[in-house]
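Visitor: Show me how the following folds:
(chains A and B)
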Protein chains: 2
Amino acid sequence: MKIKYELKKVEKETKARLGLLHTNHGTFETPMFMPVGTLATVKTLTPEELKEMNSAVILSNTYHLWLRPGEDIIHKAGGLHQFMNYDGPILTDSGGFQVFSLAKNKEKDIVEEGVHFKSHLDGRSLFLTPELSIQIQNKLDSDIAMSFDECPPASATHEYLRKSVERTIRWAKRGKEVHNNPNQSLFGIIQGGAYEDLRKFSALETTKLDFDGYSVGGVANDGESKEDMYKAIDYSIPYLPEDKPRYLMGIGDPIDIIEGVIRGIDMFDCVLPTRIARHGNAFTRYGKINLKNAKYKEDFHPIESDCDCYACKNYTKAYIRHLITCNESLGGRLLSIHNIRFLIRLTEELRQSILEDKLLDYKKDFIEKYHQG
Amino acid sequence: MKIKYELKKVEKETKARLGLLHTNHGTFETPMFMPVGTLATVKTLTPEELKEMNSAVILSNTYHLWLRPGEDIIHKAGGLHQFMNYDGPILTDSGGFQVFSLAKNKEKDIVEEGVHFKSHLDGRSLFLTPELSIQIQNKLDSDIAMSFDECPPASATHEYLRKSVERTIRWAKRGKEVHNNPNQSLFGIIQGGAYEDLRKFSALETTKLDFDGYSVGGVANDGESKEDMYKAIDYSIPYLPEDKPRYLMGIGDPIDIIEGVIRGIDMFDCVLPTRIARHGNAFTRYGKINLKNAKYKEDFHPIESDCDCYACKNYTKAYIRHLITCNESLGGRLLSIHNIRFLIRLTEELRQSILEDKLLDYKKDFIEKYHQG
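Guide: Predicted coordinates for the structure are as follows:
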């Protein structure tokens, strides 16, 4: 069965949507934040810990799993859910973003057929095509697969982006044609940078292909400003069907999530909460803090006293600081738990605000506090 | 309150003892294996995970905690239990072993007063004395503190060892005199290499000081053979009181644990299960295996199908191999869980064998299988 998006409510003053995402692995409320499990593991965490944080969909990376351990091994294991022992829904990206961001020396050769590039692991030549990306994802057996797209940098010209958007639409079509997994949904990706005409064109042409959901892409590639991101969303959303979920790729900054929700986005993913955790950073209502800072040496309070995460219920900043300082992996684990839970709590509060038609008030309060830090 | 050891039974054909260790943080059966949490964390694991493995006492390292975060911070946090959120019993070693094994360039200057050496972290000059070791441990507020001893290599001569043992006894006395924590027990350490006369002398003199328990030390220093270890135990045990626990320091090889139990040891600790985990190794009934081996690529079975640990109940060798190969810390975490649980299960089975007076049969079966691998 394919996923189904059920729209429950649109907020009074904004485009924010409250909805339900029905999947083969459970039904979950949107807007939602999806933790990233690049290599079939949300770094340092178990599935049970993700559930305790009230996590719903997680994201895994096709490019990384293609290289290691290879899609055939995951297929033989019974698919990604079985392989990693996660019974919640999984979304896989297409590899498109990684090809453009991770390719060795960032060298790549984009041709109509696909993209030639070199592995970030060992430099060997690789060729990823829209068909191959979908075939790999079919084997991974994720709940949601993404179309293979080109992810140009923010500096790309209108002329370049126009050609790129046209090719990405042709790639989306080719991917859809080979897609062959009745239990897997397929999303299309809207590109077009910060140009209104290109976003409109991309959205209209991509929705014609009738995907199970749509993503606003090209907002976290290379050099995009906040304004570019807002434009990308605002120029895409009007052309997306109401009955399909809308996913903003690669965005996890708390304020960006709020701005995305206000503009009608339902799903977010980002490595931010786990990546900053490894460097000792924690989200708080009063902005990000870095626990390596000496002032936390004797701070025997939790990161946030009103946070319900395992880290905040059981450990002090002084202890987590000690772990991070000593490179003890429990430190990154506790901070990952806190940071992911922070973003999931944020989406829970956003949903409540949509329900109460108080989203703009919520935004104002949140940003005011967050910038005090 | 001090710990209390309650002897329940001695096995029919061996010196193996079944006992109970009563502590301020619960009562636990012996023989027991104690996981090592060097820096106030058993690497990668939470206290809840340790409990799920049926872990009892854990060990933390005074030397490491002295350097980071410092005993004063832990004292201000309310002691080590509070600091690391562990409500089971904790044993701290004296730092003696680390001074001899970790000191920068292994350079040290042993004088009557203590040991001058350089920090393994930044090379700064440090001076650790028997008094300071105990004072640090008093502040850490562990359940069991260890006396500060010299840990000479196996190559030390009888002449050297004799002087060293005498000094270690003087150090034990000095430490006991400054010990000042009514809730903390203090163990003495028997040294003397593989020499019968020195072990006897050390045991007789140390027990005169009336410690709360005794450790057989100097079996995991540098270059000791299995025979040296067995001699060290056999030459020490006859002079140790029956009503005090006996602890073999730094030993965690499964067969060594069995041999130690047979010789009358009650407590073991070792970094082995967590250290080998980080390198992809797992204990099994049929010997150690390394999951990096290509043959596990498509092995969709648990490490041990009859193991009750979280890793074996939920994950395949292929998945854990993938994690280890990709340097994903969940891999080391799952292997640590398995390896610690393996040793704890071993002690559970040893206790059952003592109860049934079948220890030598158990040993024979275990070793036969273990060497098949």
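
Visitor: Enumerate the residues of chain A near chain B.
Guide: Within chain A, the positions near chain B by Cβ under 8 Å from any Cβ of the partner chain are A:39-41, A:43-46, A:68-69, A:73, A:76-78, A:83-85, A:297-298, A:300, A:314-316, A:318-319, A:321-323, A:325-326, A:328-330, A:332-333. C-beta coordinates here come from the backbone N, C-alpha and C atoms, glycine included.

Visitor: Could you tell me which of those count as buried?
Guide: Among the residues of chain A next to chain B, those scoring as buried are A:39-41, A:43-46, A:69, A:73, A:76-77, A:83-85, A:297, A:300, A:315-316, A:318-319, A:321-323, A:325-326, A:328-330, A:332-333 (criterion: 16 or more other Cβ atoms under 10 Å in any protein chain shown).

Visitor: In helices, which of the residues you listed fall?
Guide: Residues of these located in helices (DSSP state H): A:73, A:76, A:83-84, A:318-319, A:321-323, A:325, A:329-330, A:332-333.

Visitor: And the furthest pair within those residues?
Guide: The span of these, defined through Cβ to Cβ, is set by A:76 and A:318 at 46.4 Å.

Visitor: So which elements touch the helix or strand bottoming out on mean pLDDT in chain A?
Guide: The helix or strand of chain A with the poorest confidence is helix A:96-102; it has a mean of 88 (mean pLDDT, DSSP states H and E). Helix A:96-102 sits against helix A:62-67, strand A:115-118, with contacts defined as 3 or more Cβ pairs under 8 Å, 6 or more residues apart in numbering or on different chains; DSSP states H and E.

Visitor: what is the rounded mean pLDDT of the next helix or strand after that helix?
Guide: Moving toward the C-terminus from helix A:96-102, the next helix or strand (DSSP states H and E) is strand A:108-110. In this model, strand A:108-110 has a mean pLDDT of 92.

Visitor: quick one: which of the ones in helices among the buried ones among the residues of chain A next to chain B is nearest to residue A:238?
Guide: For those, the minimum distance to residue A:238 (Cβ to Cβ) is 37.5 Å, reached by residue A:84.

Visitor: And that closest one, how close does it get to residue A:78?
Guide: For residue A:84, the distance to residue A:78 equals 11 Å [Cβ to Cβ, to the nearest Å].

Visitor: what sits up against the helix or strand harbouring residue A:204?
Guide: Per DSSP H and E, residue A:204 falls inside helix A:196-208. Identification of contacts with helix A:196-208 by Cβ atoms under 8 Å, 6 or more residues apart in numbering or on different chains yields A:158, A:161-162, A:165, A:168-169, A:172, A:188-193, A:214, A:231-232, A:235-236, A:238-241.

Visitor: List the buried residues of that helix.
Guide: A:198, A:199, A:200, A:201, A:202, A:203, A:205, A:206, A:207.

Visitor: Can you give the distance of it from its chain's centre?
Guide: Relative to its chain's centre, helix A:196-208 lies at 21 Å (Cα atoms, centre = their mean, to the nearest Å).

Visitor: how close does residue A:85 sit to residue B:78?
Guide: In terms of Cβ to Cβ, residue A:85 sits 37 Å off from residue B:78.

Visitor: I should have written residue A:276 there, sorry.
Guide: Separation of residue A:276 from residue B:78 (Cβ to Cβ) stands at 29 Å.

Visitor: which among the contacts of helix A:196-208 end up buried?
Guide: Neighbour counting by 16+ other Cβ under 10 Å classes A:161-162, A:165, A:168-169, A:172, A:188-193, A:214, A:231-232, A:235-236, A:239-240 among the contacts of helix A:196-208 as buried.

Visitor: Secondary structure element holding the most centrally placed residue in chain A?
Guide: In chain A, the C-alpha nearest the mean C-alpha coordinate belongs to residue A:269, at 1.8 Å (Cα atoms, centre = their mean). In this structure, residue A:269 sits in strand A:267-270 according to DSSP H and E.

Visitor: Give me the helices and strands touching that strand, please.
Guide: Packed against strand A:267-270 by the contact rule (3+ Cβ pairs under 8 Å, 6+ apart) you find strand A:32-35, strand A:246-248, helix A:329-355.

Visitor: what pLDDT, on average, does the helix or strand following it get?
Guide: Proceeding N to C from strand A:267-270, the next assigned helix or strand is helix A:272-278, under DSSP H and E. The average of the pLDDT scores along helix A:272-278 is 97.

Visitor: got the CA positions of helix A:272-278 in PDB?
Guide: Taking Å, rounded to 0.1, in the frame of the first residue of the first chain, the C-alpha atoms of helix A:272-278 are listed here in PDB:
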ATOM      1  CA  LEU A 272      21.600  19.000  12.300                       C
ATOM      2  CA  PRO A 273      20.400  17.600  15.700                       C
ATOM      3  CA  THR A 274      22.800  14.600  15.600                       C
ATOM      4  CA  ARG A 275      25.700  16.500  13.900                       C
ATOM      5  CA  ILE A 276      25.800  19.400  16.300                       C
ATOM      6  CA  ALA A 277      25.400  16.800  19.100                       C
ATOM      7  CA  ARG A 278      28.800  15.300  18.200                       C
END
